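Chemist: With the input below, show me the fold.
(2 chains)
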Protein chains: 2
Amino acid sequence: MSAQQVPATQPNPMQIFNTVQGHQRAFALKAAVDLDLFTAIGKGSHTVNEIGKACHASERGARILCDVLVVMEFLTKTGDEYALTSDSAFFLDSRSPAYMGRAFKFLMHPTQLAGFEQLGNAVRQGGSAGDGSLAPNDPIWVDFANGMAPLMVPAAQAMAGLLFEALHSRPSAKILDIAASHGLFGITVAQRLPKAHVYALDWANVLEVARENASKQGMADRYHLLPGSAFDVEYGSGYDAILITNLLHHFELADNEKILKKARAALNPGGQVIILEFVPNDDRVSPPGAAMFSLTMLGNTPHGDAYTLAEYAAMCRNAGLETPRQIPLTPMPQSLVVAQKAF
Amino acid sequence: MSAQQVPATQPNPMQIFNTVQGHQRAFALKAAVDLDLFTAIGKGSHTVNEIGKACHASERGARILCDVLVVMEFLTKTGDEYALTSDSAFFLDSRSPAYMGRAFKFLMHPTQLAGFEQLGNAVRQGGSAGDGSLAPNDPIWVDFANGMAPLMVPAAQAMAGLLFEALHSRPSAKILDIAASHGLFGITVAQRLPKAHVYALDWANVLEVARENASKQGMADRYHLLPGSAFDVEYGSGYDAILITNLLHHFELADNEKILKKARAALNPGGQVIILEFVPNDDRVSPPGAAMFSLTMLGNTPHGDAYTLAEYAAMCRNAGLETPRQIPLTPMPQSLVVAQKAF
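Modeler: Numbers count the residues shown, from 1 in each chain, chains lettered A, B, ... in the order given. Model prediction:
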């Protein structure tokens, strides 16, 4: 059959409906997490009646919610019985070490949602009217620190692997962890390098979470706090590596160069900056997870973005660092961007 | 390779992220509609600069919004130029007769959105605390009437085809259109049956929209208004067909039987009730569009639902009608449910 003989595709509005319904799907998943429904099923409740009782939910509510979670492929249904998918058991059963449920407090925080209800204005004006939660000690970053660590495990392990390779022969490495949050990045590095010292920089209220996590891992004596803004705090000097995680997407290029210049000045020759970021390809529309992140920044910040590797390369070179390389963390939507300070 | 040799799937949190991000995607599409971005591209703006100017939007805002619309497959991108997909040209360019943009005022109405921010409570209590916009003359149904007609064209044509077959040999058919809204259903039927009279029932403010649409089609003399609630208004008698569209999903079974009994009493022997509804299969998790609609009712109404054909069959029989048949309107998520009154 030649191309001309192929009939034109019938117009189909379902993609538009499904996109609009994305709002409902997001809140359906949040409701299930709030009710701890996945844990109830994981523990052995399988019928609507059992699940409703375990979650203190009505039968109508439990039935409709479970059925739509099957449509959304977070549950399976056989006859009248519901079961967890492998991903739901791994990420949404609160007994799992990889439980993501606490991340919903950040991911669907009223501040995050509010920016999008005014997205048309942000498009007109070039950015959110809000401050992107960048004011000192904004409590949303405590929610981030308390919820997001399980999602950062692959990134933290990748960083620790890189730095183990570079630094394991040193007697005592010195690591700066900028926007330390939950502390997972610095802590994971310090677990691989048992004599390393970590300097964690974040707002004072957030550093309480990091400090507690470091203490739980028995490294309080190697864990040091630098409370304040990455733009204002003195970093100190003599670092072998500087981690800059989930931070640079909030700012415009010139501000990021300020941070990278401060980082370069604080590094030893041959030291590395490891940036954790959403890095789309030059086309800015792939891969989807990284490309979509620019929308989060448009809705929530005045100037933030998902920058390409070419943009990070320009920022690094302008800050006096060498040209960086990108290490994708597939299937996660983020990458490491690693730049060295010349020897 | 035997099943045991297949490696276990790696845990992947992207489905959870994508679901949460559904909130952002819905508002991204709404922002594009509000800015009339698809029309600007349809008229010949292709670069960020051109689109930004045409939409009175900033360059950053237009660039990020266009790129995420490419990821969402509502636009294509070649080099630096954006273009419409065939569905976007058909449904989202405001110059198209099938333009769906006005539906967003209803589909993403603050009342519709608000129910979902409290979805956990609705699951616990078995329904929304709100009234499902069922109070007399709620203005949201004027938004529905003004926005949703283009989406109802396939359903209206299917109804008109059915009724033409049944009634074209009659000198003058009498049609009752319950929850007439924009009037499209009754009007389309009356276009196929040029001597038919249509009695349109809806709230008085909504009937203004229907009346105007009927006048535009030159059928004011065959178009009669029955303002009020389907539960309370006298239907009259001698109808050959009664249309009940997008209504029964709001109520519980017993209330729907009341409406169907009134309909039966108003029908001639051999007359037909044609219900337009979201009708999932007995498993309640397929097909997806119909199954997901139960969530809309959980979030927005105290007792509404997406009922199965078996449930409609029971309601019809309890109301004294014959067992109905289902006519899916694929690719639309709705079906016709057609029940006859015995001769």
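Chemist: Contacts only, for the nearest residue to A:V233 once chain neighbours are set aside.
Modeler: Closest residue to A:V233 apart from its sequence neighbours, by CB to CB, 6 or more residues apart in numbering or on different chains: A:L226 at 5.2 Å. Where C-beta positions appear, they are placed from N, C-alpha and C, glycine not excepted. Contact analysis of A:L226 by CB atoms under 8 Å, 6 or more residues apart in numbering or on different chains lists A:L176, A:Y199, A:A200, A:L201, A:V233, A:E234, A:Y235, A:G236.
Chemist: In JSON lines: these, plus secondary structure.
Modeler: As requested, the contacts of A:L226 are exported to JSON lines (DSSP: H, G, I helix; E, B strand; the rest coil):
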{"residue": "A:L176", "secondary structure": "strand"}
{"residue": "A:Y199", "secondary structure": "strand"}
{"residue": "A:A200", "secondary structure": "strand"}
{"residue": "A:L201", "secondary structure": "strand"}
{"residue": "A:V233", "secondary structure": "coil"}
{"residue": "A:E234", "secondary structure": "coil"}
{"residue": "A:Y235", "secondary structure": "coil"}
{"residue": "A:G236", "secondary structure": "coil"}
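Chemist: how deep is A:S169 tucked in, by neighbour count?
Modeler: Residues lying near A:S169 (other CB atoms under 10 Å in any protein chain shown) number 7.
Chemist: is it fair to say A:V142 lies in a strand?
Modeler: No: judged by three-state DSSP, A:V142 forms no part of a strand; its state is helix.
Chemist: residues near it, how many?
Modeler: A:V142: 21 neighbours (other CB under 10 Å).
Chemist: got it, and A:G238?
Modeler: Neighbours of A:G238 (other CB under 10 Å): 10.
Chemist: what sits against the residue nearest to it when sequence neighbours are not counted?
Modeler: Spatial nearest neighbour of A:G238, chain neighbours left out: A:K174 (5.5 Å); criterion: CB to CB, 6+ apart. A:K174 makes contact with A:A196, A:H197, A:Y199, A:G238, A:Y239, A:D240, according to CB under 8 Å, 6+ apart.
Chemist: circling back to that earlier point, closest to B:I16 among the contacts of A:L226?
Modeler: Nearest to B:I16 among the contacts of A:L226, counting by CB to CB, is A:A200 at 27.5 Å.
Chemist: I figured the closest one was touching A:H224, is that so?
Modeler: Yes: at 7.0 Å, A:A200 counts as touching A:H224 under the criterion of CB atoms under 8 Å.
Chemist: Between those two, point out the one with more neighbours.
Modeler: Higher neighbour count among A:A200 and A:H224: A:A200, with 27 against 18, using other CB under 10 Å.
Chemist: how many neighbours does the closest residue to that one other than its chain neighbours have?
Modeler: With sequence-adjacent residues excluded and distances taken as CB to CB, 6+ apart, A:A200 is closest to A:A180, at 3.7 Å. A:A180: 30 surrounding residues under other CB under 10 Å.
Chemist: can you list residues touching both of A:A200 and A:H224?
Modeler: With CB under 8 Å, 6+ apart, A:A200 and A:H224 have no common neighbours.
Chemist: which among the contacts of A:K174 end up buried?
Modeler: Buried by 16 or more other CB atoms under 10 Å in any protein chain shown: A:A196, A:H197, A:Y199, A:Y239, A:D240, out of those.
Chemist: now, among those residues, which is nearest to A:W141?
Modeler: A:Y199 (18.1 Å).
Chemist: And the helix or strand where A:C316 lies, what's buried?
Modeler: Using DSSP states H and E, A:C316 sits in helix A:309-318. For helix A:309-318, the neighbour count (16+ other CB under 10 Å) marks A:L309, A:E311, A:Y312, A:A313, A:M315, A:C316 as buried.
Chemist: and the lowest-mean-pLDDT helix or strand in chain A with chain B, contact?
Modeler: When each helix and strand of chain A is scored by mean pLDDT, DSSP states H and E, helix A:110-117 comes last, with a mean of 89. Yes: contact between helix A:110-117 and chain B, assessed by CB under 8 Å from any CB of the partner chain, occurs at A:L113, A:F116, A:E117.
Chemist: mind checking how far that helix is from the chain centre?
Modeler: 17 Å (CA atoms, centre = their mean, to the nearest Å).
Chemist: Other residues contacting whatever helix or strand comes next after it?
Modeler: Following helix A:110-117 in sequence order, the next helix or strand is helix A:119-125 (DSSP H and E). Outside helix A:119-125, the residues that touch it by CB under 8 Å, 6+ apart are A:115, A:128-129, A:298-299, B:27-28, B:30-31, B:34-35, B:55-58, B:61-62, B:64-65.
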